[in-house]
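Asks: Provide a 3D model corresponding to the input given below.
(2 chains)
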Protein chains: 2
Amino acid sequence: MCFPMRAVDIIQKKRDGGTLTREEIQFFVGGVTSGTLPDYQAAALLMAVFFRGMDPAETAQLTDAMIHSGVTLDLSDIPGSKVDKHSTGGVGDKTSLVIAPVVAASGALVPMMSGRGLGHTGGTLDKLESIPGFRTNLSIQEMKAAVADLGCALVGQTTDIAPADRTLYALRDVTGTIECIPLISASIMSKKIAEGVDALVLDVKVGRGAFMKSEGDARKLAQTLVGIGRAGGVNTQAVITAQDWPLGRAVGNANEVIECLEVMKGRGPADLIELSLDLSARMLMAAGVARTRADAEALCRKAIDSGSALEKFRRIIERQGGDPRVVDDYERLPRAPEQHVIRAPSSGFVAQLDAGLIGRAAVVLGGGRDKVDDAVDPGVGIIMKATVGDSVQQGDAILELHYRQRHRLDAALPLATSALQVALAAPPPRPLILEEIF
Amino acid sequence: MCFPMRAVDIIQKKRDGGTLTREEIQFFVGGVTSGTLPDYQAAALLMAVFFRGMDPAETAQLTDAMIHSGVTLDLSDIPGSKVDKHSTGGVGDKTSLVIAPVVAASGALVPMMSGRGLGHTGGTLDKLESIPGFRTNLSIQEMKAAVADLGCALVGQTTDIAPADRTLYALRDVTGTIECIPLISASIMSKKIAEGVDALVLDVKVGRGAFMKSEGDARKLAQTLVGIGRAGGVNTQAVITAQDWPLGRAVGNANEVIECLEVMKGRGPADLIELSLDLSARMLMAAGVARTRADAEALCRKAIDSGSALEKFRRIIERQGGDPRVVDDYERLPRAPEQHVIRAPSSGFVAQLDAGLIGRAAVVLGGGRDKVDDAVDPGVGIIMKATVGDSVQQGDAILELHYRQRHRLDAALPLATSALQVALAAPPPRPLILEEIF
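Replies: Residues are numbered from 1 along each chain as shown, chains lettered A, B, ... in the order given. Sure thing, here's the model as predicted:
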């Protein structure tokens, strides 16, 4: 006798610690995509996966099934090596806006597909859209043309890439099954592999402002992501980077655009420069544009120093409908009308600026979203006048909250205030880049 | 600020090993009952409970919330002590049809609410309905009148008792969350406590034909059930009984009615007599009708020997619309037209008659159901001409399959054949009643 596959059998198999076959995983993802698998069975399987995990083969098969739930991009008719970067999400994590122009100005192609902020983390698309007129919803043809002409496009995911991921992510969000490394990995990598890039550099964040709270979890996620990427034929590597306090000094969409422009002008905060150039150099090597690390770093440095990265960004803005004058005139960017300053309660050193709380405060001010359809206020945010390790005097301004509505400030203040700790001793220095995974 | 309760937080709390509060459990059950909690969130929570369990307080609160999802019976206006029995389900497990008349004839009131067969196990309602005309769907008023007049009614659950259980059970069935002791316990006890009985005796089956495969699991289930019953004010006890081979010699609805009538006539197989009278005696003691075990056994024995149990059953049949002449004339019961005999492949002792496989074979013949809305053929079934421990000669008839359709016989034969093992040595004797839990 030949029995048709039954969802309940697949659920029970995973529940009891079994390893799903490729066919079973395809049945699950196919049912999610077509809507023939009821949500309640998908939810039960997701929770069973949360408890039992998936081995590398199952995770790769899940990714593959999700890739093939939609279209995959074919960029092979554009000559050159295509490379992308993906971050698992942080606070003040704005490196994409520096990296894309730097890498494109250095000779690799950057067809970058980014996401929006959700929860306490920001998103590249929201930052770009704070530039008046900037369109991130290019069609695939528009995107390919921009990559061919400029070497770069900064776009959102089209709805026909990995549609199963969208359905599953929405279901995970409401069923307590987000924090699961195989599911996170398949979600990220299905979209990145479907993009058709040759190489990929992953920035896996760890710490108070990241989804991964321990280095062990971050390492496991990074290894899983790299394994899937390589199995999918993408030259993939990852770095694990610290995210206990925000990256740079600006949080909030327009604020962060300004900070990135400053970096491209050869100024800006050291940590943002360090991470942006490290990731850019890795991308150039992974794309085969630079042979050695020294060559790659030299190319990136030159892109900044010569102004070619800034010029590239100006042209990207123009190409995607934005107002390129923002590059020289920050007043053209939206700005919240009111400011509130949080000062050092005592003299000493900034010992903590909890990125999770700062991120939440920025969301509460209106700069992020709790639900995917929340509107974002591009002009609000938080400027850190000092960051962890800095020496401060009692009464010095530490956090500058840019807000539009008083009730939002009132809700954000307790979060921002409790994020800050000043101590008598300086905290031990901590490297930003903790580990690399090949 | 005051936040409304969110299902995803409750799911995450249980997922992470937390203990749910009474309010959280009520939110969950209330949402299931009203339909405001989406099925996928209920499914995710059920799977989290599968992995994390529930402590006795949570299980009691879940039961309580399920009881109050519907109506509870008030039998207080009928004078006398009301007692019920519940079995966790077995093969050939027909004791209710003997127990209800025996206990009612001995002076306790038996408002017995039973279920239908599902999967490989049989159900009391299906057996009763093989009696032409027998109605199990009495209204609550009809049921109460029957209990007041006859001391007994044998009915199905009305839809307004524990409706949350019906919804959750259907969801568990398709999400791989059936085999979970707290969920099983709350399902059983919510219905039993809502019945309004004073005392309850539980028969927890263990073995090849039972849902619980190990004595450890059966003990845990029995302890949980007894704990909930006592917390709910019902004088509850449990026995754990062996169910590796079928109870008695008959499987199939009409066949089992005949076997019960034989027991009430002072004949019938020893194991069925032993278990029926043991459970009946426990019920009489739990109901306070008998003070000592010896008194209780004497009452039961007298109910059989005097014919009063048989007379009680005749009157129950009549009262519930059935043809009471079946008591004396088994030809009035439905009977499948064809028979097929499976014989001993060698001489020796019957070493095994796997109850799970025999139960499956009976379902395949048409005597049970895989889905709740499958129709049942009351006339088909299996008669065991010998059972485990019996000495047999090669070629002796062991299993007699009563069937109506050849293709069903063909599908049942491999199951029935593989259920039977004949060995040279007799298997060690095993007690039927393994343990009692107070």
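
Asks: find the nearest non-adjacent residue to the residue nearest to the spatial centre of chain A, please.
Replies: Averaging the C-alpha coordinates of chain A gives a centre point, and the residue nearest to it by CA atoms, centre = their mean is residue A:87 (3.6 Å). The shortest distance from residue A:87 to any non-neighbouring residue, by CB to CB, 6 or more residues apart in numbering or on different chains, is to residue A:203 (4.1 Å). For the C-beta atoms, the positions are set from N, CA and C on the backbone; glycine is no exception.

Asks: what distance do you get for that neighbour to chain B?
Replies: Look at residue A:203 and chain B: by CB to the nearest CB, to the nearest Å, they are 26 Å apart.

Asks: how distant is whichever strand or helix holds that residue from the center of its chain?
Replies: Assigned by DSSP states H and E, residue A:203 belongs to strand A:199-206. Relative to the centre of its chain, strand A:199-206 is centred 9 Å away, using CA atoms, centre = their mean, to the nearest Å.

Asks: other SSEs contacting the helix or strand that it is followed by?
Replies: Downstream of strand A:199-206, the next assigned helix or strand under DSSP H and E is helix A:215-231. Judged by 3 or more CB pairs under 8 Å, 6 or more residues apart in numbering or on different chains; DSSP states H and E, helix A:215-231 is in contact with helix A:56-67, helix A:181-194, strand A:199-206, strand A:235-242, strand A:433-437.

Asks: which other residues reach the fourth one?
Replies: Applying CB atoms under 8 Å, 6 or more residues apart in numbering or on different chains, the external contacts of strand A:235-242 come out as A:198-207, A:215, A:218-219, A:222-223, A:225-226, A:228-230, A:275, A:278-279, A:282, A:286, A:430-438.

Asks: please redo it, this time with the cut-off set to 6 Å
Replies: Strand A:235-242 is contacted by residues A:199-207, A:218, A:222, A:225-226, A:229-230, A:286, A:430, A:432-438 when judged by CB atoms under 6 Å, 6 or more residues apart in numbering or on different chains.

Asks: for the longest one, same thing?
Replies: Residues lying outside helix A:181-194 but in contact with it, judged by CB under 6 Å, 6+ apart, are A:54, A:59, A:62-63, A:66-67, A:72, A:86, A:157, A:161-162, A:165, A:169, A:200, A:220-221, A:224-225, A:228-229, A:232, A:234.

Asks: which PyMOL command selects the buried ones in these?
Replies: Here is the PyMOL command that selects the buried residues among the contacts of helix A:181-194 (16 or more other CB atoms under 10 Å in any protein chain shown):
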select buried, chain A and resi 54+59+62+63+66+67+86+157+161+162+165+169+200+220+221+224+225+228+229+232+234
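
Asks: returning to what we had before: give me the buried subset of the contacts of strand A:235-242.
Replies: Taking 16+ other CB under 10 Å as the criterion, what is buried in the contacts of strand A:235-242 is A:199-207, A:218, A:222, A:225-226, A:229, A:286, A:434, A:437.

Asks: and the stretch 101-250 of chain A, which residues reach chain B?
Replies: With CB under 6 Å from any CB of the partner chain as the criterion, the stretch 101-250 of chain A meets chain B at residues A:174, A:175, A:176.

Asks: residues in contact with residue A:370?
Replies: Counted by CB under 6 Å, 6+ apart, residue A:370 has zero contacts.

Asks: try 8 Å this time
Replies: By CB under 8 Å, 6+ apart, the contact list for residue A:370 reads A:118, A:119, A:363.

Asks: does the first one touch residue A:374 like I think?
Replies: It refers to residue A:118. No: Residue A:118 is not in contact with residue A:374 according to CB atoms under 8 Å; the separation is 9.2 Å.

Asks: list residues touching both of these two?
Replies: Common neighbours of residue A:118 and residue A:374 (criterion: CB under 8 Å, 6+ apart): residue A:368.

Asks: of those two, who's got more company?
Replies: residue A:118 (19 against 13; other CB atoms under 10 Å in any protein chain shown).

Asks: which residues of chain A score low on pLDDT?
Replies: The model of chain A has pLDDT under 70 over residues A:1-3.

Asks: what segments of it are strands?
Replies: Using DSSP state E, the strands found in chain A span residues A:83-87, A:110-114, A:152-156, A:199-206, A:235-242, A:250-251, A:338-343, A:348-353, A:381-384, A:391-392, A:397-403, A:420-423, A:433-437.

Asks: just checking: what are the partner strands of the last one?
Replies: What it means is strand A:433-437. Taking DSSP bridges as the criterion, strand A:433-437 pairs within the sheet with strand A:235-242 (antiparallel).

Asks: what is the orientation angle of the partner strand with strand A:83-87?
Replies: Counting by axes from the mean of the first three to the mean of the last three CA atoms, to 10 degrees, strand A:235-242 lies at 30 degrees to strand A:83-87.

Asks: what's the angle from strand A:235-242 to strand A:199-206?
Replies: Relative orientation of strand A:235-242 and strand A:199-206, computed by the same axes, to 10 degrees: 20 degrees.

Asks: now strand A:235-242 - C-alpha only, CSV.
Replies: Listed next in CSV are the C-alpha coordinates belonging to strand A:235-242 (Å, rounded to 0.1, in the frame of the first residue of the first chain):
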residue,chain,number,x,y,z
ASN,A,235,31.2,32.1,-0.9
THR,A,236,30.1,32.9,2.7
GLN,A,237,31.9,34.1,5.8
ALA,A,238,30.8,35.6,9.1
VAL,A,239,32.1,37.9,11.8
ILE,A,240,30.7,38.0,15.3
THR,A,241,30.6,41.5,16.6
ALA,A,242,29.9,43.0,20.0
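
Asks: identify the residue nearest the residue in the stretch 301-438 of chain A that chain B sits nearest to in space, chain neighbours excluded?
Replies: Nearest to chain B, among the residues of the stretch 301-438 of chain A, is residue A:411, at 8.4 Å (CB to the nearest CB). In space, and not counting its chain neighbours, residue A:411 is closest to residue A:364: 4.7 Å by CB to CB, 6+ apart.

Asks: measure the one you found to residue A:401 for me?
Replies: Applying CB to CB, to the nearest Å, the value for residue A:364 to residue A:401 is 10 Å.

Asks: just residue A:263 next, same as before
Replies: For residue A:263, the distance to residue A:401 - CB to CB - is 23 Å.

Asks: try residue A:167
Replies: Separation of residue A:167 from residue A:401 (CB to CB) stands at 37 Å.

Asks: more neighbours: which of these two?
Replies: For residue A:167 versus residue A:401, neighbours defined as other CB under 10 Å are more numerous around residue A:401 (25 against 19).

Asks: which residues touch the closest residue to residue A:146 other than its chain neighbours?
Replies: Ranked by CB to CB, 6+ apart and with sequence neighbours excluded, the top spatial neighbour of residue A:146 is residue A:153, at 3.9 Å. Shown in contact with residue A:153 (CB under 8 Å, 6+ apart): A:110, A:111, A:112, A:138, A:142, A:143, A:144, A:146, A:147, A:316, A:319, A:320.
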